[in-house]
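Chemist: Just to be clear, the model below is a prediction. Sequence and coordinates:
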Amino acid sequence: MQHEIVARPAASVVKLNLDAGETITCEVGAMLAMSTGIKVETTSGKKGGKGGGLMKGLKRMFSGENFFLNHFTADRAGQTLILGPQLMGDVVHHNLSGTLVVQGSSWLASEEGIEIDASWQGFGKALFSGESMFWVKCSGHGDLFLNSFGAIYEVNVDGGFTVDTGHIVAFEDTLQFKIGKAGASLIGSFLGGEGLVCKFTGQGKLYCQSHNPPSFGALLGPKLKAR
Amino acid sequence: MSDLQFEISQRPDFAILTVDLEQGQRIFAEPSAMAAMDPTITLKAGFKGGLKKTLGRALGGESLIINTFTADRGPGEVVFAPGAPGDAIHYELDRNTLYIQRGAFMCHSDGVELTGKWQGAKGFFSGKGLVLLKASGEGDIFFNSYGAILEIDVEDEYIVDTGYVVAFEDTLHYDVTTVPGMKVGGKLKTFFFGGEGLVVRFSGQGRVWVQTRAVNPFLTWVFPYRPQPSNN
């Protein structure tokens, strides 16, 4: 599968060239445009929990806890597919070999052969209630595409590194992490505007984004009509 | 050949258009598109092209009013800025027709005729379907995107999500349809996804301009941040 990331860095999208039989999986809505020799199959994914009936699924979908996956398969050679994220920002390619934990809205697409588990709760669920944040655990080998809100930068953690949870795009699971507060006291941390941070230790790659989507959401939300 | 002097700067993420008008030259723009202008320019807001065309434009999602900028007190420049951060494209009409998606129209020169294109059920009842303006004649037209613009030269067939279509040449045949593979069950899904899954299938030969971001997915993203209603 060949790929090209264009319109970088603020309005990036990825153009994929699929050969006959090749499949790429992304969240419903990520497809901008494509050739006509591609078939789409939709399946249900789940965020942080068990499945359920259709109505349960729909209910979760409206509460932002469910998501649907589109699987694009080329039925002949030389098919193109253009995928893009919702927010302004960049797209990067990660050659997966092992396991990467990806912030839900940063996961753009992954090649067939990569297992996607959206029920990963390593950070605990309660911590992010009210923020539509979930995590996708990607395991296996192949091409993985991540997107960021704003710019994206890589950090090769060697020892320790602390990141605000909203700035995490993805990290290799060779890293150990602990959720904690930025300051010495919990109240102090929140008053200082720094909420929960993730303290990484060990060695591994970490992708961070320049802007924090929940912060942007919190900026816009109060100006909108109540649901 | 067009004699309009212009420059699109700050590309590709924050494109703005500067038009240099000669004395007496005019340009017609979407209201609110003007960001700055010389004092030699006169702005006249008004209906253009009669009632039928005006209503047609309104149905096409643009305002009833088209602003006319005339350099009647000497040459001068007008700066136009799109509503969303993104790119801007110049297209020269040579007695052909270009379709522009709702909201993407910026401005056009003399010689261009802009009308709404009645889509019937295809455009209006699909919710986030295709709502188009039709530009024809001879002259310059400018349109803008949310995000960058990709130019796709269709040679056979191509599919574009309705929300990402910016403009296309009328040499292409188009149909609003669902993504191949989505079947009867898919209809339900399409409904619940709020329009996602509806695509435009182009066939024939011609150019399509596709934007790399769309407004509706962004709104879907913002949705969970809206305040909860109070319970009392």
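Modeler: Yep, it's here. This one's a predicted model, so the numbers in the text were calculated from it and none came from an experiment.

Chemist: chain center to the helix or strand that contains residue A:24: distance?
Modeler: Per DSSP states H and E, residue A:24 falls inside strand A:23-27. Chain-centre distance of strand A:23-27: 13 Å, with Cα atoms, centre = their mean, to the nearest Å.

Chemist: who does whichever strand or helix holds residue B:69 touch, helix- and strand-wise?
Modeler: Per DSSP H and E, residue B:69 falls inside strand B:66-70. Here strand B:66-70 touches strand B:26-29, strand B:34-37, strand B:42-46, going by 3 or more Cβ pairs under 8 Å, 6 or more residues apart in numbering or on different chains; DSSP states H and E. All C-beta spots, glycine's among them, are computed from the backbone N, C-alpha and C.

Chemist: 10 Å instead?
Modeler: In terms of contacts (3 or more Cβ pairs under 10 Å, 6 or more residues apart in numbering or on different chains; DSSP states H and E), strand B:66-70 is packed against strand B:16-21, strand B:26-29, strand B:34-37, strand B:42-46, helix B:50-59, strand B:76-80, strand B:105-109.

Chemist: and among those, the most buried is which?
Modeler: strand B:105-109 (a mean of 25; mean count of other Cβ atoms under 10 Å in any protein chain shown).

Chemist: Now do the SS call for the nearest residue to residue B:147 once chain neighbours are set aside.
Modeler: In this structure, residue B:147 finds its nearest non-sequential neighbour in residue B:213, 3.1 Å apart by Cβ to Cβ, 6 or more residues apart in numbering or on different chains. Three-state call for residue B:213 (DSSP: H, G, I helix; E, B strand; the rest coil): coil.

Chemist: residue contacts, residue 6?
Modeler: You didn't say which chain, so I picked chain A. By Cβ atoms under 10 Å, 6 or more residues apart in numbering or on different chains, residue A:6 lies in contact with A:12, A:13, A:14, A:15, A:82, A:84, A:91, B:148, B:150, B:212.

Chemist: oops, I was thinking of chain B
Modeler: B:17-21, B:27, B:77-78, B:80, B:88, B:90, B:107, B:109, B:140, B:142.

Chemist: and of those residues, the nearest to chain A?
Modeler: Chain A has its nearest neighbour among the contacts of residue B:6 in residue B:88, at 13.0 Å by Cβ to the nearest Cβ.

Chemist: doesn't residue B:16 make contact with that closest one?
Modeler: Yes - contact status for residue B:88 versus residue B:16: in contact at 7.2 Å, counting by Cβ atoms under 10 Å.

Chemist: Just the pLDDT for the residue nearest to residue B:147.
Modeler: With respect to pLDDT, residue B:213 scores 95.

Chemist: just for chain A, where's the confidence low?
Modeler: Low-confidence segments of chain A (pLDDT under 70): A:44-67, A:124-133, A:182-195.

Chemist: If we use 80, what do you get?
Modeler: Residue ranges of chain A with pLDDT under 80: A:28, A:42-68, A:118-134, A:180-196, A:227.

Chemist: how about the helices in it?
Modeler: Secondary structure of chain A (DSSP state H): helices located at A:54-62, A:186-191, A:213-220.

Chemist: repeat for chain B
Modeler: Going by DSSP H, chain B shows helices at B:50-59, B:121-124, B:184-192, B:215-222.

Chemist: contacting residues for the residue most central in space within chain B?
Modeler: Centroid-nearest residue in chain B: residue B:104, 2.1 Å away (criterion: Cα atoms, centre = their mean). Counting by Cβ under 10 Å, 6+ apart, residue B:104 makes contact with B:30, B:61-62, B:82-84, B:86, B:88-89, B:132-133, B:142-146, B:149, B:165-167, B:209, B:211.

Chemist: can you check residue B:217 too?
Modeler: A:29, A:30, A:84, A:85, A:86, A:87, B:161, B:163, B:164, B:194, B:196.

Chemist: isn't the fifth one right up against residue B:214?
Modeler: So that's residue A:86. Yes - Residue A:86 lies in contact with residue B:214 (Cβ under 10 Å); the separation is 8.3 Å.

Chemist: Next, show the common contact partners of these two.
Modeler: By Cβ under 10 Å, 6+ apart, the residues touching both residue A:86 and residue B:214 are A:29, B:220.

Chemist: okay, those two: which has more neighbours?
Modeler: More neighbours surround residue B:214 than the other of residue A:86 and residue B:214, with 25 against 22 (other Cβ atoms under 10 Å in any protein chain shown).
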